[in-house]
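Chemist: need coordinates for the below:
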Amino acid sequence: MKGHSKKKLWLLCILLAAVLVVAVSAAVYNTMYMQGSIAVGTVKVKFVSGDDSTTAGATFGTNGTYVSFSSLSGWPNSTRTYQYACGIQNLDTSQRTIELKYDSWSGNTADVNSITVIVRSTAGGTQQGTTITVGITSTTGQINIPASTTWVVEWNIMWKATALSTDTVAVTLDLIVTGA
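Modeler: A predicted model of the protein is given here:
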């Protein structure tokens, strides 16, 4: 019996040593590095002022890569349309693929009947892509804006009949421009 116990003890020690070696070797790794030199690129597509920008309270960021509206509003049970809240301008010499997407909203969203955003060739002109319905996942889809062209962004806002003058919502949309 003593011989078998010593063998079992020896086997247990070897097994524990093997587990320890595996555990220690699992923590061994090699670190590699990646480095990049990053320059500021030229803006190819930007937001620009439109006929209704002042009424909508549009504020444009540096280089036109951001626009914020502080005065969009609507009456209860009536649709208010800002036909040219801002423009999307392609400054490039070739067409660009863009996509305007609903991202999020907050505030008194239950009091909104509908908010839609449409990209058009001109104010009241041909629709480009699909209508964005705020509050649900929606997008214009990828659309190609020709070189040296400005399209308009239209907002349509309708509050429910029971909405109060103190109700507000904040809406975030993303403009995705494909390519360098």
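Chemist: strands along this structure, start to end?
Modeler: Remark: strands assigned in the chain by DSSP state E are 45-49, 58-60, 67-69, 79-90, 96-107, 112-120, 132-133, 143-145, 149-159, 169-178.
Chemist: any low-confidence regions in the protein?
Modeler: Residue ranges of the chain with pLDDT under 70: 1-4, 18-26.
Chemist: tell me the contacts of the nearest residue to residue 103 once chain neighbours are set aside?
Modeler: Take residue 103 and drop its neighbours on the chain: the residue closest to it by C-beta to C-beta, 6 or more residues apart in numbering is residue 172, 4.2 Å away. The C-beta positions use only the backbone N, C-alpha and C, and glycine is treated the same way. Residues near residue 172 by C-beta atoms under 8 Å, 6 or more residues apart in numbering: 103, 104, 105.
Chemist: repeat for residue 102
Modeler: Residue 102 is in contact with 117, 132, 133, 134, 135, 136, 137, 138, 139, 171, 173, counting by C-beta under 8 Å, 6+ apart.
Chemist: tally of neighbours for the first one?
Modeler: In other words, residue 117. Per other C-beta atoms under 10 Å, the neighbour tally for residue 117 reads 22.
Chemist: can you tell me the closest non-neighbouring residue to it?
Modeler: Nearest residue to residue 117, sequence neighbours excluded (C-beta to C-beta, 6+ apart): residue 132, at 4.2 Å.
Chemist: for the one you found, give its distance to residue 173.
Modeler: To residue 173, residue 132 is 7 Å away according to C-beta to C-beta, to the nearest Å.
Chemist: higher neighbour count, those two?
Modeler: The neighbour count for residue 132 versus residue 173, taken as other C-beta under 10 Å, is higher for residue 132 (23 against 19).
Chemist: wouldn't that one be in contact with residue 139 here?
Modeler: Yes: assessed by C-beta atoms under 8 Å, residue 132 is found in contact with residue 139 at 6.5 Å.
Chemist: what sits in contact with each of the two?
Modeler: Common neighbours of residue 132 and residue 139 (criterion: C-beta under 8 Å, 6+ apart): 100, 101, 102.
Chemist: wait, which of those residues is closest to residue 35?
Modeler: residue 101 (32.4 Å; C-beta to C-beta).
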